[in-house]
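Peer 1: output the structure for:
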Amino acid sequence: MPFCDLLPRKIYLHFIDVILLISIVHVFSLTLQPEQRGVHHLSAFDGVGITSVLPVPNTFQSNEPNSNSNVNIEFYVGTKRGKVKHVVIPKIFIDGLSSTKQLRDTDSIKVHDVTSSSIAKMTFGREVTLKPYPVYSMTVVPKPAVEKSMFLTDEESTSTAAADYFVHYDVLAGGGDRYIKVWESATNSRGNQRQLKLKQQLGPHTGWVKDIASFNRVKKGTTDGHSLVFSIGCNCIEVWLHDQANYQHLCKLQIESCTKLGATLSSDLLCLATYRCCVNEHVMDSLPQANQQSHSHLIAGGVDGRLHSWVIPKSFHGFNKSTNGFVNAGVTAAHSGRINDILVCNQIGALVTVGSDGCVTCRMISSSKPFDEWETSCIDMTDVVVPAGSSIKLTSSCIVVEEATQVIAAVGSSTGNLFLIRISKVDTDNLKLSLLTRFHIYNLRVDAHYCIHSLCCFEYCCSFRESCSHVIAVGHSNGLSLCLLSLGTEAISTR
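Peer 2: Predicted structure coming up:
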């Protein structure tokens, strides 16, 4: 009797997955350990749907100075129940993912519930009720020139040893209640970090705030310029201007349905991204003032599979809301289903989208061609899942490694599969996509189909290895997982 007939179908298919994984690892020299020591599920989030993950800016992570061995991994998560939590993963715990140690996260990982109270007090004493709606999106707006906090907590205002608090960045969280909550992170003059405090609420939007994107025009170390925040509500994009302490509504961008481009009855938007061709500060400073922002764009993807592009205005001096200054740069059909996430790869000049049709599509950003004529490459993940042709929706993505000629990205799916793909720049007009490997976040449970909602990646240097590794924080419908990737030099070398 053949070996495959002795095993239940699901276990047999999982066995084939393992064999395929080993083969791909060998071919690409990619050291990946999708075992219990390489994929760790944080017990604090068991059964809790994690709908968004946001890394803390590196500059503000609470690490001991001048000590690479004590670098922590810090990020915020938004949950399906409307909670925002701050997670700190110590370096010693990440080292344990690379070893055979039995890991217990209850003693070492710190989790702080920013929304522990149902009532939050904003600037100037106004109170806001925090409702249990999903936190679908988060972004961070850093402050190049540190601002003084606008308010003190009750304890700080009554303390005889009170010190001024200074804001380093804002965390913006968009939810199913149609609002964005703006939380500020601050430290005082004695170096004590204060947990996030709610300072503003933006909205209401016309629907769930499915995604938020930011665009910073502030020169580092100064207060010159401003930041823009874009947020989705159904088929509208709300534009917010942040020039000092608060955010003010600037204008609204709206799209219409178009059946000629494959649009369905719904033209709702799902994801946002911004890009600029000039990404290096010294390059930006060397350009004439009039040309410094000539290639800045806002990109949006929607339910109907279309991509939309707007040129971001160079200046908002004399801004008129009726004309709003945002030039529509084009629209193009990108997927046969929903577009669920957009990645901008600045170094190779690529725009990557993932969709419910199971495809990863990559476009070469061009300033000389119309938006709908950008060179496009595509890889269909339904061709590589087992059994072949099975239905799979790609839901999220993040950059793992970004270089001048290639990018390695992680792509999450509705079935709990995590794919690693390479995007190579063949020449000035062409890109090549290839699959490196894939594995399941619940590799020991072949019957588990947990949807991956959000991904973010961190680089760290292991204490007992010379090469750097990467940790991907995976937010999914059953909790939060950490996946350790060890990429060999050959795996990320240009081919």
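Peer 1: going forward, measure contacts and count neighbours with C-alpha atoms only.
Peer 2: Noted.
Peer 1: any low-confidence regions in the stretch 301-450 of the chain?
Peer 2: In the predicted model of the stretch 301-450 of the chain, residues 316-324, 386-390, 442-449 satisfy pLDDT under 70.
Peer 1: strands of the stretch 1-150 of the chain, start to end?
Peer 2: 30-32, 39-41, 50-55, 73-79, 84-89, 110-113, 119-121, 127-129, 135-148 (DSSP state E, counting those that start in this stretch).
Peer 1: can I get the ones you listed in JSON lines including mean pLDDT?
Peer 2: Output for these, formatted as JSON lines (pLDDT from 0 to 100):
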{"stretch": "strand 30-32", "mean pLDDT": "36"}
{"stretch": "strand 39-41", "mean pLDDT": "82"}
{"stretch": "strand 50-55", "mean pLDDT": "96"}
{"stretch": "strand 73-79", "mean pLDDT": "94"}
{"stretch": "strand 84-89", "mean pLDDT": "92"}
{"stretch": "strand 110-113", "mean pLDDT": "90"}
{"stretch": "strand 119-121", "mean pLDDT": "76"}
{"stretch": "strand 127-129", "mean pLDDT": "85"}
{"stretch": "strand 135-148", "mean pLDDT": "79"}
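Peer 1: just name the most buried of these.
Peer 2: Most buried of the strands of the stretch 1-150 of the chain by mean neighbour count (mean count of other C-alpha atoms under 10 Å) is strand 50-55; its value is a mean of 27.
Peer 1: tell me where the stretch 251-400 of the chain has strands.
Peer 2: Per DSSP E, counting those that start in this stretch, the stretch 251-400 of the chain has strands spanning 269-275, 297-302, 306-311, 327-333, 339-345, 350-355, 359-364, 376-380, 394-402. These are given in chain order.
Peer 1: verify the contact between residue 359 and residue 379 for me.
Peer 2: Yes - using C-alpha atoms under 8 Å, residue 359 is in contact with residue 379, at 5.7 Å.
Peer 1: which ones are touching residue 458?
Peer 2: Listed by C-alpha atoms under 8 Å, 6 or more residues apart in numbering, the contact partners of residue 458 are 73, 400, 470-472.
Peer 1: of those - the most surrounded one?
Peer 2: The most neighbours of any of these, using other C-alpha atoms under 10 Å, belong to residue 73, which has 24 neighbours.
Peer 1: residue contacts, the nearest residue in space to it that is not next to it in sequence?
Peer 2: Among residues not flanking residue 73 along the chain, residue 89 sits closest, at 5.0 Å (C-alpha to C-alpha, 6 or more residues apart in numbering). Under the criterion of C-alpha under 8 Å, 6+ apart, the contact partners of residue 89 comprise 72-74, 108-110.
Peer 1: before we move on, back to that, who has more neighbours, residue 359 and residue 379?
Peer 2: Neighbours were tallied for residue 359 and for residue 379 using other C-alpha under 10 Å; the higher tally belongs to residue 359 (23 against 18).
Peer 1: show the contacting residues for the more buried one.
Peer 2: Residue 359 makes contact with 335, 378-382, 394 under the criterion C-alpha under 8 Å, 6+ apart.
Peer 1: make a markdown table out of those residues and add distance to residue 353.
Peer 2: Conversion of the contacts of residue 359 to a markdown table gives the following (distance: C-alpha to C-alpha, whole Å):
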| residue | distance to residue 353 |
| --- | --- |
| 335 | 9 |
| 378 | 10 |
| 379 | 11 |
| 380 | 12 |
| 381 | 13 |
| 382 | 16 |
| 394 | 9 |
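Peer 1: from the residues you listed, which is closest to residue 201?
Peer 2: residue 394 (31.2 Å; C-alpha to C-alpha).
Peer 1: for the residue nearest to the closest one when sequence neighbours are not counted, give its distance to residue 484.
Peer 2: Distance criterion C-alpha to C-alpha, 6+ apart; nearest residue to residue 394, sequence neighbours excluded, is residue 413 at 4.3 Å. Using C-alpha to C-alpha, to the nearest Å, residue 413 is found at 18 Å from residue 484.
Peer 1: ok, how many other residues are close to the residue lying closest to residue 268 once chain neighbours are set aside?
Peer 2: Residue nearest to residue 268 in three dimensions, not counting chain neighbours: residue 235, with 4.1 Å by C-alpha to C-alpha, 6+ apart. Look at residue 235: counted by other C-alpha under 10 Å, it has 19 neighbours.
Peer 1: surely residue 235 meets residue 255?
Peer 2: Yes - taking contacts as C-alpha under 8 Å, residue 235 lies within contact range of residue 255: 6.0 Å.
Peer 1: now the common contact residues for those two.
Peer 2: Common neighbours of residue 235 and residue 255, counting by C-alpha under 8 Å, 6+ apart, are residue 267.
Peer 1: what is the nearest of the contacts of residue 89 to residue 406?
Peer 2: Nearest to residue 406 among these, counting by C-alpha to C-alpha, is residue 73 at 25.1 Å.
Peer 1: contacts only, for residue 362.
Peer 2: Taking C-alpha under 8 Å, 6+ apart as the definition of contact, the neighbours of residue 362 are 350-353, 376-378, 431, 433.
Peer 1: now it: closest residue in space that isn't a chain neighbour?
Peer 2: Using C-alpha to C-alpha, 6+ apart and skipping the chain neighbours, the partner closest in space to residue 362 is residue 352 (4.4 Å).
Peer 1: look up how far residue 273 lies from that neighbour.
Peer 2: With distances taken as C-alpha to C-alpha, residue 352 is found 10 Å from residue 273.
Peer 1: now the common contact residues for those two.
Peer 2: Taking C-alpha under 8 Å, 6+ apart as the contact rule, the neighbours common to residue 352 and residue 273 are 342-344.
Peer 1: identify, from these, the entry nearest to residue 119.
Peer 2: residue 342 (33.8 Å).
Peer 1: the nearest residue to residue 45 once chain neighbours are set aside bridge partners, please.
Peer 2: In this structure, residue 45 finds its nearest non-sequential neighbour in residue 479, 4.9 Å apart by C-alpha to C-alpha, 6+ apart. Under DSSP bridges, the beta-bridge partners of residue 479 are residue 476.
Peer 1: tell me the pLDDT at residue 479?
Peer 2: In the predicted model, residue 479 carries a pLDDT score of 93.
Peer 1: residues near it, how many?
Peer 2: Residue crowding around residue 479 was assessed by other C-alpha under 10 Å; the count is 21.
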